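Chemist: sequence and predicted structure are below.
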Amino acid sequence: MLGTRTSPHPAGPRPARRPAAFERRGLALRFVMIIGDRRLAEAHHVLCDQDTVVVDFSESSVRIGLSRLLHEPDGGIVLDCRVDHHAEDGIPRGSTSTSWQRVLTGRPGALHQREALLREVLAARSRAPGRAVARPELASLRYLAAAV
């Protein structure tokens, strides 16, 4: 018969849809785009799970807890940041820790909030003892200032 389509699926009622293997909840899902960011290319591990973002480098581990600002009408979140700087051999024993908080206004997970979270991670990493950070040349800053 021409025009008759055969389906690989049997006719009749469709089977019930299976639930997903994981639950999609928590503020960290709104920041999952940082996992592929090129600025975190040296990270050994990046995790966005529930209300926590964790980024592990050889010299430090950055953990950021996320919570909503309930009193802000436009939204916003609080970043509870903690960085553990590892000993010189890269093993966490004998590490030093630092904690701080940041408040980010706006819609949770917005581009400006992802950028702010990345800046916090990278700044925490750059403060690791013994880590050499390239500083901009003063001449190049003068050149940029003259161009404005």
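Modeler: Ah, there it is. Please read all numbers here as calculations on a predicted model, not as lab measurements.
Chemist: drop to CA atoms for contacts and neighbour counts, all remaining ones
Modeler: Will do.
Chemist: how about low-confidence regions in this structure?
Modeler: Applying pLDDT under 70 to the chain picks out residues 1-25, 72, 87-95, 128-148.
Chemist: mind listing the helices for it?
Modeler: In the chain, the segments counted as helices under DSSP state H are 111-126, 138-147.
Chemist: how about residues contacting the first one?
Modeler: For helix 111-126, contacts defined as Cα atoms under 8 Å, 6 or more residues apart in numbering pick out 31, 34, 55, 57, 59-62, 83, 104-106, 132-133.
Chemist: just the buried residues of that helix, please?
Modeler: Neighbour counts over helix 111-126 (16 or more other Cα atoms under 10 Å) mark Q113, R114, A116, L117, L118, E120, V121, A124, R125, S126 as buried.
Chemist: tell me the bridge partners for the closest residue to L70 other than its chain neighbours.
Modeler: Excluding the flanking residues, the one nearest L70 by Cα to Cα, 6 or more residues apart in numbering is G76, at 8.0 Å. As for beta bridges, G76 partners with T105 under DSSP bridges.
Chemist: same question, the one 4 residues further on
Modeler: With DSSP bridges applied, D80 shows beta-bridge pairing to G65, Q101.
Chemist: show me what contacts D80?
Modeler: Residues counted as contacts of D80 (Cα under 8 Å, 6+ apart) are I64, G65, L66, S99, W100, Q101, R102.
Chemist: try it again with 6 Å
Modeler: I64, G65, Q101 (Cα atoms under 6 Å, 6 or more residues apart in numbering).
Chemist: mind listing the strands for this structure?
Modeler: Applying DSSP state E to the chain gives strands spanning 45-49, 52-56, 60-68, 76-85, 96-105.
Chemist: adding distance to R39 as columns, could you present those in JSON lines?
Modeler: Converted to JSON lines, the strands of the chain look like this (distance: least, Cα to Cα, whole Å):
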{"stretch": "strand 45-49", "distance to R39": "12"}
{"stretch": "strand 52-56", "distance to R39": "12"}
{"stretch": "strand 60-68", "distance to R39": "14"}
{"stretch": "strand 76-85", "distance to R39": "17"}
{"stretch": "strand 96-105", "distance to R39": "20"}
